[in-house]
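S.K.: Pasting a predicted model and its sequence here:
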Amino acid sequence: MSPFLEIKSISKSFGGVAALKNVSFDIGAGEAVALMGGNGAGKSTLVSLLAGLQRPDSGGIVIDGAEQDFAKPQDARASGIETVFQNLALCPNLNAPGNLFLGRELYRGRAPFRFLDRKAMERATVATLRDLGVNVPDMKAAANKFSGGQRQALAFARAARAKSRLLILDEPTAALGVEESANVIRTVQRLRRERNMTVLLITHNLEEMRAIADRAVILRRGRYVGSVRLDETSDDEIVGRITGSLAVREEVA
Amino acid sequence: MAKSEVLAQDGMAENRGVTMRIAASVGKTLLLNPILPILVVALPLFAAFVPYYATLANLQNLLLASSILLLLSCGGALAMITGNIDLSVEGTLCFSCMVIAWLMMPSPPGSGLELSPFITIPLGILIGVGIGMLNGLMVQGLGVNPFIVTLGMLLTLKGAAAIPTEATTIYSLPPTYSWVGYNALAGVSWVVIIAFTVCLLLAIWLRASVVGRHIYAIGGNSEAARENGISPLRTVMIVYGISGGMAGLAGWLNAARLDSASASAGDGITFTVFAAIIIGGVALSGGAGSLWGVLGGVILLSSIDNVLNLIAINPLYLNFVRGAVIIVAVLLIVVRQRLASRFRLQESAA
């Protein structure tokens, strides 16, 4: 499997505190990798670098062999990286099309007179939601009228566009009920099956990890600890590696 | 939400007549518009019971008196929709027109530079934009509380406006500068035409443009907007820049109308500006409201002042009545919001 995403010796510090120290690993095209680690392991920092919210202090992100420099979220999206943030990143006062096209509105005209193309956004939203089997009853209702599951679905629909190749899911089911969590897992499985979507899953939930991912990459206190194939690794071993109670044994996937 | 869906939700009978449809539609419109119900009740009452209120001459007066308030309120409303506040507009109005008058006039009381109004009018607006962008930079770039930043800016500017002329009022501004204050088109003062046109265009731009959408997004959830690649710094600086520019424009129109510039220009208008914004339905927490509502708030407040004038109320009671009316108006708006949410009529902001 040729690597789709290569993370090369990335380091990032915040005010002298190192969040990531020289972290490197690859994700193959179409692979689903779970990023595991305790609090302060550096998972969220890595997500923010991949989503273009921050730049690494050193090291690089390579996609399909091409070095990337994400100065803003749009750059990451242009490379096919889409993120479903833990907080879902929805605006409660905007409707479904408003949220689906947040930061990348369809428009006519030139800056600073770019005018929203509401019809086109609405049409595309209806099509996207239908495609994912999401039911949003009212296109004009603001997102604060949506249920938790509908919000999650909206954030998913935004990330799972035709052009997206890597889907980053930051604790996608942490705030959901049992049924809604099962829905999310089914949707991810479908996206992998139908579109060969590459997935990077951040989770604390071992069951979710096994349902979605092929492989787990483990971080501890900002360092890369190792990578294990899930079909040959027990939960106990993964937990041991996350907490550091098991000795580090490098494996190459 | 289509009208028919609303009706269905309300559980009304299926076979309703046209009258019912219209009634429901009117009811919905009244509940969704923050200011409209009050205007619909208040303005006919004024027209019926206040002598001279509904005359052409008084209407012209009313619009003229609304113009400055409208410009400042629309600018301030933009800042509030992003979840911030701009208390400095009165200071910007005062400072920009004072600096401009000083640059235009012979010495004393001016600088003796006698710059052309064709330079100073745009310059006055640009000064406002600059002040606003500085506000925006401090608020969003440095993370200083917008209340403190803009309140400080208000005091600073009002103080600075008195410095060049040592607090003396400058009279008899150049005729080219004051032309808009003394000329009219079809009976409508150019001050009114300029102020209302600018605010109308701004209202459309806020609703229909991509940047306008970003303004609502920042007010709804700044972090979500940022995660989706909308720059809060850029958007907030644009908003404060527009607010300052509107205040600079208001400074010109106000000075032209009075044919004088003074360090006390606009004194005390800040309270009325915020009353108009709140009555106009802009949420203090940001993310909701429209400039159409603000326009309604401005018309209502100007009408109240106008009526108090017409009935020749004892000036002793003026502020008392004004304040009480504003409190009542805000209470009505809260009741309306409760009703609207009971009938599930809340729609998305943009």
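M.R.: Sure thing, it's come through.

S.K.: Is stretch B:129-142 positioned near chain A?
M.R.: No. Counting by CB under 8 Å from any CB of the partner chain, chain A is not contacted by stretch B:129-142; separation bottoms out at 13.3 Å. Quick note: C-beta positions are derived from backbone N, CA and C, even for glycine.

S.K.: Now that stretch: buried residues?
M.R.: B:129, B:130, B:131, B:132, B:133, B:134, B:135, B:136, B:137, B:138, B:139, B:140 (16 or more other CB atoms under 10 Å in any protein chain shown).

S.K.: Out of those residues, list just those in strands.
M.R.: In strands, judged by DSSP state E, none of these are found.

S.K.: ok, these vs residue A:100, which is closest?
M.R.: Minimum separation from residue A:100 among these (CB to CB) is found for residue B:140, which lies at 25.6 Å.

S.K.: what residues are up against that closest one?
M.R.: Going by CB atoms under 8 Å, 6 or more residues apart in numbering or on different chains, residue B:140 touches B:84, B:232, B:233, B:236, B:237.

S.K.: what kind of secondary structure is residue A:228 in?
M.R.: strand (DSSP: H, G, I helix; E, B strand; the rest coil).

S.K.: hang on, the earlier thing: which of the contacts of residue B:140 sits closest to residue B:107?
M.R.: Nearest to residue B:107 among the contacts of residue B:140, with distances taken as CB to CB, is residue B:237, at 35.9 Å.

S.K.: what's the helix or strand for the closest one?
M.R.: Assigned by DSSP states H and E, residue B:237 belongs to helix B:232-258.

S.K.: what comes into contact with the helix or strand just after that helix?
M.R.: Next helix or strand after helix B:232-258 toward the C-terminus (DSSP H and E): strand B:260-261. Contacts to strand B:260-261, defined as CB under 8 Å, 6+ apart, come from residues B:97, B:98, B:100, B:101, B:169, B:170, B:171, B:172, B:173, B:255.

S.K.: what residues are up against the fifth one?
M.R.: Contact criterion CB under 8 Å, 6+ apart gives B:260, B:261, B:262, B:263, B:264 as the residues in contact with residue B:169.

S.K.: Now do the helices in the stretch 151-300 of chain B.
M.R.: Secondary structure of the stretch 151-300 of chain B (DSSP state H, counting those that start in this stretch): helices located at B:175-182, B:190-208, B:210-220, B:222-227, B:232-258, B:269-279, B:291-310.

S.K.: Show me what the shortest one is packed against.
M.R.: Put plainly, it is helix B:222-227. helix B:210-220, helix B:232-258 (3 or more CB pairs under 8 Å, 6 or more residues apart in numbering or on different chains; DSSP states H and E).

S.K.: just how off-centre is it within its chain?
M.R.: Remark: helix B:222-227 is offset 27 Å from the chain centroid, using CA atoms, centre = their mean, to the nearest Å.

S.K.: How about the last one?
M.R.: Here helix B:291-310 shows a centroid-to-chain-centroid distance of 11 Å under the convention CA atoms, centre = their mean.

S.K.: just checking, what packs against that helix?
M.R.: Short answer (3+ CB pairs under 8 Å, 6+ apart): helix B:291-310 packs on helix B:36-49, helix B:56-81, helix B:190-208, helix B:269-279, helix B:318-342.
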